Every structure is written in C-alpha cells, then in structure tokens.
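In: Return atomic coordinates for the entry below.
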Amino acid sequence: MKNYILLCLIIVNVFSFDSYAQQSKINAADKKYDSYAYVDAIKTYEKVASKGYKSEDMFKKLGNAYYFNSNFEGAAKWYGELFAMNSEVEPEYYYRYAQSLKSIGEADKANRLLGEFNAKNKTDNRAKLYEQNVNYLDQIKANSGRYNIENAGINSKYSDYGTFVHDNKIYFASARDTGNFSQRKHKWTGEYFTNLYIADIDSAKVKKFKTDLNTKFHESSPALTKDGKTVYFTRNNYLDGKKGKNGEKTTLIKIYKATLDKEKWTNITPVSFSSDNYSTAHPALSPDEKTLYFASDMPGTLGQSDLYKVSINSDGSFGTPENMGKTINTEGKETFPYVTDENEIYFASDGHPGLGGLDVFAGKLGSSGTVSDIQNLGADINSPKDDFAYVIDPETRKGYFSSNKDGGQGSDDIYKFLETKKLRCIQELTGTITDAKTGVVLPESKVSLYENQTVLNSIIADASGNYSFPVDCGKTYNVRAEKEEYETKEVSITIGKVSGKTNLPIALDKSTCRVTIGDDLGTCFGIKMIYFDLDKSNIRTEAAIDLEKILVVLNENPGMKLDIRSHTDSRATFKYNEALSDRRAKSTIQWLIKNGIDKGRLTGKGYGETQLVNKCADNVPCTEAEHQENRRSEFIITAL
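Out: So this is what the prediction gives:
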C-alpha cells in the first residue's frame, strides 16, 4: 500500500513538473507573440502542442501568428483546433478561419463560417459586404479572364514585392542577399529585412538602390514624383542610427520623404503626419501630385489598417489626413493604394469579399474623394493567397502586382501583366454645341455631366464646340450645355451596353426671354410645373433640374424677388388640394434657400384648385391634357 501511495505521489509530481514546464514554455512563447516575434512564438507553441497540451488562448495565438504571416494553411490548422474546443469564440475568429479556409480551397465551409460571422456581428462592415454580395464568387468569375500574366523576371528565393515604375525603371523591395555578412532577420516573418532595388524594364538585371534610403531595417513601396526629384517610401521607424519606439517598445513603420540633390538623396525625414505610436505605409501619389494616399492604423482607423489621403500643399507641407470612409475601409486590412488618371483607385483588402488573404480591388474615385463601385479584379490577379501592390499604366494597360501565390520563387513574387479587357465597360460620350438656328458651333460653352442630380464633371467645349466625357456603359446621364446669351439646355442620354462612342450633339436657342415685374419666370424657361411624386411634396430629379435654371437667374440678378405659386387640378377635395399645393410651394422655396438664396427674396403659397385656367371644375368632364393645364407652378417676379 505504501508503495502504491509512493508511486501515485511520484506520478503526481512528474505531471506537476511537466505541467509547470509546459506553462513555462507557454509564458515564454506569449512574450515572443506579444513582441511580434511570431516565427519564434510558433516554434515554441507547436512544441507544447505536440505534447498534447491544449488551450484556447494558445490555439488563437498560433492561428494568428500564421495568419499575420499569410501562412493560411497553418492558420486554418490551428483555428480548426480552436473551433474543435469551442465554437463560441469571438466573431473575429470566424472571419479569420473563413479567410484561411478559402485560401486552402475549402470555399463551402468558409462561406458557412462567413454566414455565422454575419449573424453574430451584423454591425461589422465586412458582414454587411458579405450579406450584400452573397454571390461574390459569380462577380469574381465574371471579372476573370482579362489578363496575360507572367513572372516579372526579377524575383529571388526571398520576398520581392511592391513595384513602382519611373523613367523605364522598376523600383521594388526585396529581402534578397545584399552582400552584407551581418544580414539581420525580422522576428515577425523570419525573413531578412527588405531594401530597395532597381531594374530596367524588361531586364532581369537587378541592382541594389545604393542610396542613403536603404538602412539595416525595412524599406519598401517607393513612389517618385514625375520629375524624379522627390520620393516617398516606407521604412521602419529608424533615422540617423536611432530607432523610434511606441509605448510597448515596438518599432513601427513610417512614410519617409527624400529629395534628390546632385544625384544624391537628401533631406530624408518622416512625413509630418507620422508618429511613433502608429504606422503609416505604402504611399501613392495622385496623378496631379497634390494628394498622397497611404495605409495606416492611426487613431480613427476602422480595422487593422485603413486607407487615408492627405493634401500636399504647394510648399511641400501636408494637410490633415482624412480616412477614406466605410465604402472602402473595413474592420479588416486595406493597404497598398494606387490611383490613376482615370479616377480609379486600386487597393488590396482582406475585408471585401474575395478568394482568401489579400485580394486586389478597384473602385471609382469621385471628385469629392468618395469611393464607389468597388469590384474584385478577378481570379487572374487574385488567388487564395495574398495578392497586392497592383500598379498599372492606363495607356498601355501594362503593370505589375505582388503575390505569395503557389508556384512562385520566394515568399512573395512580382508578376507583370497586360490587361486585355478593362474591368468596366467604358464609352466616350461626345458631341458638338451649336446654334439651333444657324448651326454655327459655339466654342467655350460650358458642358456638365450629371448622374442622379450629381455633377460628375464640367468642362469647357473646345474651339470647335466639341466636348467629351468618359461614361459607364448602360447608365443614364444628363448633359447640360450653357452659353452666354443662349438658353440653357439639358438632355438625357442612356449609354449603350458595349464599349465604343455615343454622340450627343446639343443645339442651343438664342435667349429671347425678357422679363419684368409681374412676369412668370417659369414661362421664360418653359417650366409649366415643378414635378413631385404623386400626393407628395419632396423634390424630384426633374424638378431639381428646372429649379436650377431658376437658381441661376436669381444668382445673376441679386435684386430679383419671386412669389412662388403652386396650383392643382380639381380632382381630389378642395381642402386636400389646397394643403398639398401649399406644401409643394414651401418645398420649392426651401430647395432654393438650401441652395443659397436668401429667404427674404422668396414668398409663396399653394392655391389648390382656386385658380383654374379652363372649364375643368368639379364634376366637369375633361381630358387628361386639360387637367394638366391646371397643374402648374408659377414664379412671379415681384421685384428686380
């Protein structure tokens, strides 16, 4: 009996010692994990796991360590262990597990998990995007087959990524052997730190960018100005031999700026909006070089990293960075922006519906900076792994992107491509502005393109009266032509559904309208009535178009005052018609006030059916056209 008790005590002590030893290793791995030394953390965690130790926290960290290194096979394995222990984990793990499963080809299981993620976290922008694009794989399929892709010929067995083309040379980041015996490895990835390299276009000869831009830490993603005299690039927070650190003693990354002076890069400084406490990275210049786009996790960021823009002032200083908003940014990662002169922004994201990891997307960039119509570029560019750093020449449709997809030489590789078919069907809307009576062309006419009451673009017609706008196939637009001494004219046009050209000539009539006090300004413009939806008083698109004509005259004649009168036909009750017409008159006034007209210049009233212009009173048989004569809006001039 004593021997049995002694044996039990020995076993307990052994297990206690083993448990203590495992916990000690876990604690050591946690320290490595917390300091972003993911490669070392993985080694320790996996040794512990191989001995049968199980822990939700350890499985989360193992999955994350692989996920943040874009090793989705490893991430899927350990997230799978996590879900085997407990399927009721934080919603973020549903998303990461789904992304990892997509990357290893288990799309059906991934989509089921995305459905559960959506149910658990409906406020998450990624959940909303998935709900809106449940059939996202159909869109990806439709956008595929548009590229000829090949290895760029400049890759090594290490990480190569992040291209920029300037003056027939390609600049990129690489972790290849720099010839330095003291090469240092990054604890996050286990790879050597990257430097900037350069190669001639269509040449496999690669040279290190031998400048002070390169240090012993990471440099990547350069963006040069057109004159080649200024460069923005990403670097670890390291300057003049000193590392900057945040509150957790971690060295983050910053965007730096340098200028070329006598063939030497000088004035290397971090941009003013950078910080030791958050990262800024992957700069991209707008075509006019007045705006810098970049990725950051600065305060106000929605996810792991968001896309931002900042104005570049004429003296080279910067404005205040602006988050580009929820249409493009998610709770995931948005990074590597690139903007073209076709008002398109390309970027990488793991938050928008894709094939797994980072996918490349394209969005339309509005004049106010808003992003719309975001689409996945398709399965030529994108893969189940990370695809990013997409750049394209809008004229030749040639470009580069980076990926760690299967079949590459290193952990990341650079690919070159030719886009054989554009993502969006684009037409050219053209026309000539002429005098309606003589046919003479009207140069310097102002021509504006509208969609849903929003001005998309305004230009001045050339010396031959010609205008041109790029437009999307299948959409309906309004084109407004204006010329001094001519009546403004607006024409609606629906663009065909295939690429090509649509011609829309516009002939303007000479302005013959001369008004005085007591006249109806609406008659001058042929405005018979301001259109409202049936039984409602909110301004419709057609109404806003006509009201803008009134608005122009009021702005050009600051002394003019109007009495706005709204009339109905005799159908419906007297009381109802009176109230409805009054609401419509007041709605018209409010629209003008909202668009800058002083309320003291406007009066108005609804007259209902009290001022019929024909016989069509109650119970009098009338045609629809006769009733229409009574439904009218008047803009009576009361002062000039």
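In: Listing partners with orientation, what would you give for the helix or strand hosting Gly162?
Out: Using DSSP states H and E, Gly162 sits within strand 160-166. As defined by DSSP bridges, the strand partners of strand 160-166 come to strand 169-174 (antiparallel).
In: The helix or strand that the strand it pairs with is followed by vs strand 160-166, what angle?
Out: Downstream of strand 169-174, the next assigned helix or strand under DSSP H and E is strand 195-200. Following axes from the mean of the first three to the mean of the last three C-alpha atoms, to 10 degrees, one obtains 50 degrees for the angle between strand 195-200 and strand 160-166.
In: what's strand 195-200 packed up against?
Out: Strand 195-200 is packed against strand 169-174, strand 206-208, strand 219-224, with contacts defined by 3 or more C-beta pairs under 8 Å, 6 or more residues apart in numbering; DSSP states H and E. All C-beta spots, glycine's among them, are computed from the backbone N, C-alpha and C.
In: Of those, which shows the lowest average pLDDT?
Out: When the helices and strands packed on strand 195-200 are compared by mean pLDDT, strand 206-208 comes last with a mean of 88.
In: Off-centre distance for that strand?
Out: Its chain's C-alpha centre and that of strand 206-208 lie 34 Å apart, by C-alpha atoms, centre = their mean, to the nearest Å.
In: nearest to Gly408, of the helices and strands packed on strand 195-200?
Out: strand 169-174 (13.2 Å; C-beta to C-beta).
In: Tell me, how many residues neighbour Glu56?
Out: If you count neighbours by other C-beta atoms under 10 Å, Glu56 ends up with 14.
In: list the contacts for it?
Out: Glu56 makes contact with Leu82, Met85, Asn86, Val89 under the criterion C-beta atoms under 8 Å, 6 or more residues apart in numbering.
In: could you flag which of these are buried?
Out: By neighbour count, with 16 or more other C-beta atoms under 10 Å, these hold Leu82, Val89 as buried.
In: In terms of model confidence, name the weakest of the contacts of Glu56.
Out: Among these, Asn86 has the lowest pLDDT, at 82.
In: now that residue, nearest residue through space, not along the chain?
Out: Nearest non-adjacent residue to Asn86, counting by C-beta to C-beta, 6 or more residues apart in numbering: Glu56, 5.9 Å away.
In: State the distance from that neighbour to Phe83.
Out: Going from Glu56 to Phe83 by C-beta to C-beta, to the nearest Å gives 10 Å.
In: ok so, going back, tell me the backbone dihedrals of the residue nearest to Asn86, please.
Out: Torsion angles at Glu56 (phi, psi; degrees, to the nearest 10) stand at phi -60, psi -50.
In: What's the separation between it and Glu331?
Out: From Glu56 across to Glu331, the span is 22 Å (C-beta to C-beta).
In: try Lys102
Out: Using C-beta to C-beta, we find Lys102 at a distance of 17 Å from Glu331.
In: who has more neighbours, the two?
Out: When neighbours are counted by other C-beta under 10 Å, Lys102 and Glu331 differ, and Lys102 comes out ahead with 26 against 20.
In: Check which helix or strand the more buried one maps to.
Out: Counting by DSSP H and E, Lys102 is part of helix 91-103.
In: Could you check how far the helix or strand immediately after that helix in the chain is from the centre of its chain?
Out: Using DSSP H and E, the helix or strand that follows helix 91-103 in sequence is helix 107-120. How far helix 107-120 lies from its chain's middle: 24 Å, per C-alpha atoms, centre = their mean.
In: What is helix 107-120 packed up against?
Out: On a contact count with 3+ C-beta pairs under 8 Å, 6+ apart, helix 107-120 meets helix 91-103, helix 125-132.
In: Out of those, which gets nearest to Asn237?
Out: Across the helices and strands packed on helix 107-120, Asn237 has its closest neighbour in helix 91-103 (27.0 Å, C-beta to C-beta).
In: Just give the nearest non-adjacent residue to Gly319, would you?
Out: Nearest to Gly319 is Ser311, by C-beta to C-beta, 6+ apart, at 3.7 Å.
In: Could you give the number of residues near the one you found?
Out: Ser311: 14 surrounding residues under other C-beta under 10 Å.
In: what's next to the strand or helix carrying it, contact-wise?
Out: Assigned by DSSP H and E, Ser311 belongs to strand 306-311. With C-beta under 8 Å, 6+ apart as the test, strand 306-311 has contacts from 273, 290-298, 318-324, 328-329, 334-335, 337, 345, 347, 369.
In: if you set the cut-off to 6 Å instead, what comes out?
Out: With C-beta atoms under 6 Å, 6 or more residues apart in numbering as the test, strand 306-311 has contacts from 291-296, 318-319, 321-324, 328-329, 334, 337.
In: Only alpha carbons, please: show that strand as PDB.
Out: Extracted in PDB, the C-alpha atoms of strand 306-311 (Å, rounded to 0.1, in the frame of the first residue of the first chain):
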ATOM      1  CA  ASP A 306      -7.300  51.800 -43.400                       C
ATOM      2  CA  LEU A 307      -6.700  53.800 -46.500                       C
ATOM      3  CA  TYR A 308      -6.200  57.600 -46.000                       C
ATOM      4  CA  LYS A 309      -5.500  60.600 -48.100                       C
ATOM      5  CA  VAL A 310      -3.700  63.800 -47.300                       C
ATOM      6  CA  SER A 311      -3.300  67.000 -49.400                       C
END
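In: what element comes up after it heading to the C-terminus?
Out: Per DSSP H and E, the first helix or strand lying C-terminal to strand 306-311 is strand 322-323.
In: And that following strand, what does it pack against?
Out: The elements that strand 322-323 packs onto, with contact taken as 3 or more C-beta pairs under 6 Å, 6 or more residues apart in numbering; DSSP states H and E, are strand 306-311.
In: tell me which residues of stretch 264-284 are tucked away?
Out: For stretch 264-284, the neighbour count (16+ other C-beta under 10 Å) marks 265, 268, 270-271, 273-275, 278-284 as buried.
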